[in-house]
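A.B. asks: 3D model of this:
(chains A and B)
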Number of protein chains: 2
Amino acid sequence: VSAPDTLPRYRQLADEIAGLIGSGALRPGERLPSVRQTRASRACSAATVFQAYYLLESRGLIRAAERSGYFVAQPPRPTPLPARARPSGEPQAVAVSELVFQLLGTGGHEIRAPFGSAFPSPALFPLDKLRRALTAGSRRMSPAQLTSHLSCGDEELKRQIALRYLRQGLTVDPAEIVLTNGALEGLNLALQLLTRPGDAVLIESPGFYAALQALERLGLRAVELPTDPAEGADLEALETLIERHAPKACWLMTSFQNPLGSLMPPERKRALVALLERHDVVLIEDDVYAELQHEGLAPLPAKAFETRGAVLHCGSFSKSLAPGYRVGWVAAGRHAPALLRAKLSLSLSGSWPAQAALADYLQGGDFDRHLRALRRALAAQQRAMLAAIERHFPDDTRVTRPSGGYFLWVELPEGHDSLALHGAALAEGISLAPGPMFSASGAFRHCLRLNCGQPWTPLLEQALARLGELIRSQRR
Amino acid sequence: VSAPDTLPRYRQLADEIAGLIGSGALRPGERLPSVRQTRASRACSAATVFQAYYLLESRGLIRAAERSGYFVAQPPRPTPLPARARPSGEPQAVAVSELVFQLLGTGGHEIRAPFGSAFPSPALFPLDKLRRALTAGSRRMSPAQLTSHLSCGDEELKRQIALRYLRQGLTVDPAEIVLTNGALEGLNLALQLLTRPGDAVLIESPGFYAALQALERLGLRAVELPTDPAEGADLEALETLIERHAPKACWLMTSFQNPLGSLMPPERKRALVALLERHDVVLIEDDVYAELQHEGLAPLPAKAFETRGAVLHCGSFSKSLAPGYRVGWVAAGRHAPALLRAKLSLSLSGSWPAQAALADYLQGGDFDRHLRALRRALAAQQRAMLAAIERHFPDDTRVTRPSGGYFLWVELPEGHDSLALHGAALAEGISLAPGPMFSASGAFRHCLRLNCGQPWTPLLEQALARLGELIRSQRR
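C.D. replies: Model (predicted):
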């Protein structure tokens, strides 16, 4: 685990106790060991224990009872989930890109609380080990790989990706894996391969803004699907919309959807694939958060249920292992030869050093250990942010409770304006992602996406409290 | 110089003498030092000297006179240049991609003579030093670069690129440089930014097949420009075609064009830019061979003559320094903000380790030394291949004599079929690039592009001789 090693001792202690509370090993109302006991059992200073307990208190996880020590706090009444959206279902041209780029900018402000970020904190990734893999991997690169064999991509990396599929029970031939510059390039290539300008494409509502931008770039029309904040795309609506609009493709995030965090249950994924196969609509499955479940095993992708090799499953290491390396892939089934050609004519190949580094890292066998630590960290951070939202946001706030990933989707009562909130927060160094970024129709003005991918700190707690004040001030 | 250090002693000696002949220091008819003299002066074995002289003889650079030693050979009568193409000038849909992909494949044959390759030999690149730069560069990467600052690309790399422009006398603000996954992605992004499906785009004839593929992908119509094998695109024809077809963009390789190797003289570049500015047509200048002049200073790009910031100048390190790293850029002038957004929504950013490695390498100051060695090697290899073509190809062969890059364009008399030749040669492990790859109209059936980017060896000499036989056999 790279991250905790670099944290101060009190943070490590606090995170560990938070983990025990989160897992239920320490239950609400139970007394924590005294400062003296902990000091002895951990061989650390009293100051360290006090700091850890203060931090846990500030996170709302424990409470101090005068003269009798510290107790595990009662979990707050869970905030209700946001409502399911009801998009019009009519195909519409997309013109959201300008707004998205404006909102992704920082307007020259220094960001102290990156709640609008699309990435987890870089501190959560094994950057030192990756650096060593970069050196080791580059020794393995043969000169021929850099020129004559360039276009195939690193064979060992494709084999390692196929092995990870195999462990999930999916048989994916390395030859059907097309390496791409991040999943984003794969998604763009897949869309371009399957559509012509003017075609309709099904997407979730709310949905990932980069998907909307891709539709806009390619002149496609968006058909927005109602999407449940817990269980993902509505299949009844899906069938109706397919029959009405004959879309060429369906682009979904089936696990830990961005921005909702929704996770389609396995039976729903199976039904989704059967339905799409019946109507001959290709599924582009954007699954970049696949490995970020907070507990248990990674969910199966919808691709696991296909019978015709028509699902394009897009993966990436950008969110799970190596941000900035820009290594993604598409397991493209029968579309693989055409997709590879599209990739070759767009940008020839991925960057070889990054591919060789990841192949080396995956061979080393450290990935699962890293993922376990990452998942624990993301789960703890989500708990901390949810607790902070309960403390600092108005009572009628609704928020998702995803079982993976690092986004929360917050729904404020109608009338709130997340765009105005964004402007006010940015001026104080707090970023957020306003709801209208996630829709072709300008919906979700009263919603926002918050990133809980950063280790929770008093500074973030303050920033979230300030955001709560800004929200309340919109009511006057 | 990385390459020569790894060559056997006799090859180093031969290359050195070949260099003296090429530069004119040793003139035709002059006697070479005797084997005994050379052995003494070089402190090497007689066998080494003999091997070097045999190699030079096989290259046609020296001849043995019985009992009187070795003499510099008379240069052969130069083969005439190919004729200038006369394309129809009518806009046409492009459907060449399938053919190109077929012809780029090896059909399962092992290639011993990669005359069809698009790359110079990897042996010509400083792979060890790049590997060290990869390690050093990755130490410099800050975690924030991998996430929150990801999209901007490596600032130091952009600064180094701007410095190289500055040394040429061009003022390019690092902020107008958009880093891309190789020049190819930059070219695709530029085309997509400037055009809508159905638009006309001016390209050279013959022209780079990846440009044709990009036009095809984007549904654009090609207007082919007559292009002089020595001096590049014909400006009179250019003006006529602009007036007739109102193209949205003009995509040219102004220096060492692929496949002709033509180099527009500076005054022609100035006139080109003036003409395009007058007609408000954007120039996409594909300049990936910019640094590969065989002698003297790198030619100025057309961008040097612009007055409105409208030229999109596309560069790359793939051909000059680091194949497989996939680091290219566009100096995009006033198009930079829009191009950066297009890049962000297509693939977010380039691969950070490769960018950091090249930034570190360029800071180290070794690039110019490497380029000098690379240019000398490419010049020597071109001389050797030209001499071999004179020896082995029919007398009525025409061939270009580019002053940079590593391609020769061979024109056989009408009636020859480069596609059939390609099939026959491939079966014997010899690749070549048939003429029809380089045209939207299927022209150039009697032409082929040969790669002289490989260090010349007896094996390549044999392969070229065999190619000559295959050409002659087409006459029967």
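
A.B. asks: ok, A:Gly364 - contacts?
C.D. replies: Applying CB atoms under 8 Å, 6 or more residues apart in numbering or on different chains, one finds that A:Gly364 lies in contact with A:Lys129, A:Ala133. The way it works is simple: take the backbone N, C-alpha and C, and place the C-beta from them, glycine included.

A.B. asks: Same question for A:His313.
C.D. replies: A:His313 touches A:Glu285, A:Asp287, A:Pro301, A:Ala302, A:Lys303, A:Val330, A:Ala331, A:Ala332, counting by CB under 8 Å, 6+ apart.

A.B. asks: Let me know the closest of the residues you listed to A:Lys129.
C.D. replies: A:Asp287 (24.1 Å; CB to CB).

A.B. asks: Surely that closest one is in contact with A:Gln257?
C.D. replies: No. Look at A:Asp287 against A:Gln257 with CB atoms under 8 Å: they stay out of range, at 10.1 Å.

A.B. asks: In terms of neighbours, single out the busier of those two.
C.D. replies: For A:Asp287 versus A:Gln257, neighbours defined as other CB atoms under 10 Å in any protein chain shown are more numerous around A:Gln257 (29 against 22).

A.B. asks: Distance check, the residue in the stretch 201-350 of chain A that chain B sits nearest to against A:Leu358.
C.D. replies: The minimum distance from the stretch 201-350 of chain A to chain B, using CB to the nearest CB, falls at A:Gly324 (3.3 Å). Distance check for A:Gly324 against A:Leu358: by CB to CB, to the nearest Å, it reads 12 Å.

A.B. asks: same question, A:Leu321
C.D. replies: Distance check for A:Leu321 against A:Leu358: by CB to CB, it reads 7 Å.

A.B. asks: Between the two, which is the more surrounded one?
C.D. replies: A:Leu358 (26 against 22).

A.B. asks: Whichever strand or helix holds that one: what's the following helix or strand?
C.D. replies: In this assignment (DSSP states H and E), A:Leu358 forms part of helix A:352-364. Per DSSP H and E, the first helix or strand lying C-terminal to helix A:352-364 is helix A:367-392.

A.B. asks: now for the helix or strand just after that following helix, which elements pack on it?
C.D. replies: Of the helices and strands lying after helix A:367-392 in sequence (DSSP H and E), the nearest is strand A:398-399. With contacts defined as 3 or more CB pairs under 8 Å, 6 or more residues apart in numbering or on different chains; DSSP states H and E, strand A:398-399 has these neighbours: strand A:407-411.

A.B. asks: which SS state does A:Trp456 fall under?
C.D. replies: State at A:Trp456, reduced to three classes by DSSP: H, G, I helix; E, B strand; the rest coil: coil.

A.B. asks: Not counting sequence-adjacent ones, nearest residue to A:Gly22?
C.D. replies: Spatial nearest neighbour of A:Gly22, excluding adjacent residues (CB to CB, 6 or more residues apart in numbering or on different chains): A:Arg383 at 5.6 Å.

A.B. asks: I should have written A:Gln474 there, sorry.
C.D. replies: Of all residues not flanking A:Gln474 in the chain, A:His416 sits nearest, at 5.5 Å (CB to CB, 6+ apart).

A.B. asks: Quick check: chain neighbours aside, which residue is closest to the spatially most central residue of chain A?
C.D. replies: Of all residues in chain A, the one closest to the mean position by CA atoms, centre = their mean is A:Gly405, 4.1 Å from it. Using CB to CB, 6+ apart and skipping the chain neighbours, the partner closest in space to A:Gly405 is A:Phe256 (3.5 Å).

A.B. asks: for the one you found, what are its contacts?
C.D. replies: Counted by CB under 8 Å, 6+ apart, A:Phe256 has contacts A:Ser262, A:Leu263, A:Tyr289, A:Ala290, A:Leu292, A:Gln293, A:Pro402, A:Ser403, A:Gly404, A:Gly405, A:Phe407.

A.B. asks: Chain neighbours aside, what residue packs nearest to the first one?
C.D. replies: This points to A:Ser262. Distance criterion CB to CB, 6+ apart; nearest residue to A:Ser262, sequence neighbours excluded, is A:Gly232 at 4.2 Å.

A.B. asks: and that neighbour, what are its phi and psi?
C.D. replies: phi 80, psi -160 (degrees, to the nearest 10).

A.B. asks: and it, how far is that from A:Thr79?
C.D. replies: On the measure of CB to CB, A:Gly232 and A:Thr79 end up 20 Å apart.

A.B. asks: Neighbour count: the two, which is higher?
C.D. replies: A:Gly232 (26 against 20).

A.B. asks: Could you check how far the spatially most distant residue from the centre of chain A is from A:Ser34?
C.D. replies: Residue farthest from the centre of chain A, counting by CA atoms, centre = their mean, is A:Arg67 at 43.0 Å. Remark: distance between A:Arg67 and A:Ser34 (CB to CB) = 12 Å.

A.B. asks: And for A:Ser88?
C.D. replies: A:Ser88 is 60 Å from A:Ser34, by CB to CB.

A.B. asks: all strands of the stretch 1-150 of chain A, in order?
C.D. replies: A:62-65, A:69-72, A:92-93, A:113-114 (DSSP state E, counting those that start in this stretch).

A.B. asks: Tell me which of those strands sits nearest to chain B.
C.D. replies: Closest among the strands of the stretch 1-150 of chain A, using CB to the nearest CB: strand A:113-114, at 6.4 Å.

A.B. asks: which secondary structure elements does the closest one contact?
C.D. replies: Secondary-structure packing of strand A:113-114 (3+ CB pairs under 8 Å, 6+ apart): strand A:430-431, helix A:458-473.

A.B. asks: what does it contact?
C.D. replies: Against strand A:113-114 from outside (CB under 8 Å, 6+ apart): A:Gly429, A:Ile430, A:Ser431, A:Asn451, A:Gln454, A:Leu459, A:Leu460, A:Ala463, A:Leu464, B:Ser148.

A.B. asks: Cool, thanks, signing off.
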